[in-house]
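>>> Structure for this input, please:
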Amino acid sequence: MDFEFHYYITGIIARQAGFSEEDARIIAYASQFVDDNDVILNVKDRKTGQAYSNYISQTMDILKPKKALMRIYPIFHFVPGDPTVGSARRGDGKMHILNTTPDNETANDMLSNAFKSFTDIRPYRIGIATHAYVDTWAHQNFVGFNDSFNGSILNPIPNIGHAEAKHHPDWVSHRWEDDRLVESDVDNNLRFISAAKRLFENYVDFLCSDAAWTNLEKDLLLIMGRSRRGNQNYGREKRLEGYCQMAKWLPQYDEDDWFNKAIEQEVHGLKDSQDGILAKFTIFKDQYWWKEDVRKEDTHWFKFQEAVKEHQALALGPVNKRCKTMGIDIRLL
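Okay, the predicted model is just below:
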């Protein structure tokens, strides 16, 4: 899924389920920021010189991932599920123990653990776990590794995740063909509204809320409109207007917002390139400092990074247990 679901629809669901506006904003931002948290930084304290390092939850480009950081995919984006479910039936009969399937047990456990986390980082944990949870619908029938299972019958070249399918699985109001499957016609809106309903139900159960799904479902379906093939941008501007009307309390998403409010970047020469060949030739590294007028522990960016580390620590064991059946130890990646 892209920012339409991870940020706007997630925020709307959180608020309608009963979260406060502030918590819903954090949940929505954290959910989308999982995809934008793709740079490892060392942020220093000007008084003590101590440095803080973050973990990443995404590579620079999902279609061109770094193999050395493969451990992030099954934990944040392609959570392994039940390869025997009907929606995973393929024309070639293949199955994969690490196949991502909707609403799977491991992804549900991630969400449950987030609900139980410490209060100060709980909404961040919920947002991160939400991202992984709803992606089990968008990324179903792909595995988060370099594997020919991800390719079509006619193209057995190994690839990672849904690289061959490009961004087709992620777009709202989009229809496409997954020719690996017995039921190859995919309407993303059907998948996404199912994800929205289950996410809403999980939120309501956690909050012990009496919020009803019916009206929210109607509103979301109205905004999403009819799925179409072809241009993913068709109707997007209108949909964004619809989300904003439903959630006037939710600002436009700015991936630099939390960073800019917490950190100062000293650019030495040209601003550092974080990926590709240019990064190898950076002579004067940029410096990162906590802003003097903030306490780092109070910033959204720091709390999010701590939540990422906690999410990974708790998810690593169960996910790695499954991965090791394939001879893969993601702790070593």
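
>>> Can you give me the distance of the residue of the chain most remote from its centre to residue 306?
What lies farthest from the middle of the chain is residue 47; by CA atoms, centre = their mean that is 34.9 Å. Taking CB to CB, to the nearest Å as the measure, residue 47 falls 21 Å from residue 306. The C-beta positions use only the backbone N, C-alpha and C, and glycine is treated the same way.

>>> all strands for the protein, in order.
Here the chain has its strands, by DSSP state E, at 42-44, 51-53, 146-147, 159-160, 175-177, 185-187, 263-266, 287-290.

>>> Give me the contact list for the fifth one.
The list of residues contacting strand 175-177 from outside it, by CB atoms under 8 Å, 6 or more residues apart in numbering, reads 165, 168-169, 184-188, 227-229.

>>> Buried residues, it. List them.
Using 16 or more other CB atoms under 10 Å as the test for burial, strand 175-177 gives 175-176.

>>> Run me through the strand neighbours of that strand, direction for each.
strand 185-187 (antiparallel) (DSSP bridges).

>>> what do you get for the fourth one?
Here the strand partners of strand 159-160, with direction, are listed using DSSP bridges: strand 146-147 (antiparallel).

>>> on that earlier part again, winner for burial among the strands of the chain?
Ranked by mean neighbour count, the strands of the chain are led by strand 159-160 with a mean of 22 (mean count of other CB atoms under 10 Å).

>>> from the middle of its chain, how far away would that strand be?
Relative to its chain's centre, strand 159-160 lies at 18 Å (CA atoms, centre = their mean, to the nearest Å).

>>> Which residues does that strand contact?
Looking at what lies outside strand 159-160 - CB under 8 Å, 6+ apart - the contacts are 65, 67, 70, 73, 144-148, 150-151.

>>> Those residues in helices, which ones?
Among these, DSSP state H puts residue 73 in helices.

>>> For residue 95, state which of the contacts of strand 159-160 is nearest.
Here the nearest of these to residue 95, counting by CB to CB, is residue 147; it sits at 12.3 Å.

>>> State the pLDDT value of the closest one.
For residue 147, the pLDDT comes out at 88.

>>> wait, doesn't it sit right on residue 96?
Yes. The criterion here is CB atoms under 8 Å, and residue 147 meets it with residue 96 at 7.1 Å.

>>> ok, the residue most central in space within the chain - contacts?
What sits nearest the mean C-alpha location of the chain, by CA atoms, centre = their mean, is residue 131, with 3.8 Å. Contact analysis of residue 131 by CB under 8 Å, 6+ apart lists 6, 30-32, 34-35, 76-77.

>>> Recalculate using a threshold of 10 Å.
1, 5-6, 10, 27, 30-35, 57-58, 76-77, 110, 311 (CB atoms under 10 Å, 6 or more residues apart in numbering).

>>> Residue 322 now?
74, 79-81, 97-98, 106, 328, 330.

>>> re earlier: tell me, what's touching residue 147 and residue 96 both at once?
Taking CB under 10 Å, 6+ apart as the contact rule, residue 147 and residue 96 both touch residue 326.

>>> Could you pull up phi and psi at the nearest residue to residue 226 once chain neighbours are set aside?
Leaving aside its sequence neighbours, residue 226 sits nearest to residue 173 (CB to CB, 6 or more residues apart in numbering; 7.1 Å). In terms of degrees, to the nearest 10, the main-chain angles of residue 173 are phi 60, psi 40.

>>> Tell me how many other residues surround residue 173.
21 (other CB atoms under 10 Å).

>>> so how far is residue 75 from it?
29 Å.

>>> swap in residue 88?
For residue 88, the distance to residue 75 - CB to CB - is 20 Å.

>>> Looking at those two, which one has more neighbours?
Between residue 88 and residue 75, counting by other CB under 10 Å, residue 75 is the more crowded of the two (25 against 21).

>>> measure the spatially closest residue to that one that is not a sequence neighbour to residue 120 for me?
Computed as CB to CB, 6+ apart, the closest residue to residue 75 that is not its neighbour in sequence is residue 315, at 4.8 Å. Using CB to CB, residue 315 is found at 20 Å from residue 120.

>>> before we move on, back to that, the residue nearest to residue 226 contacts residue 225, doesn't it?
Yes. If you go by CB atoms under 10 Å, residue 173 and residue 225 touch, sitting 5.5 Å apart.

>>> between those two, what contacts are shared?
Common contacts of residue 173 and residue 225 (CB under 10 Å, 6+ apart): 189, 234-235, 238-239.

>>> just to revisit the earlier point, need the strands of the chain in JSON lines with distance to residue 218, can you?
What follows is these, written out as JSON lines (distance: least, CB to CB, whole Å):
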{"stretch": "strand 42-44", "distance to residue 218": "45"}
{"stretch": "strand 51-53", "distance to residue 218": "45"}
{"stretch": "strand 146-147", "distance to residue 218": "40"}
{"stretch": "strand 159-160", "distance to residue 218": "37"}
{"stretch": "strand 175-177", "distance to residue 218": "21"}
{"stretch": "strand 185-187", "distance to residue 218": "18"}
{"stretch": "strand 263-266", "distance to residue 218": "42"}
{"stretch": "strand 287-290", "distance to residue 218": "45"}
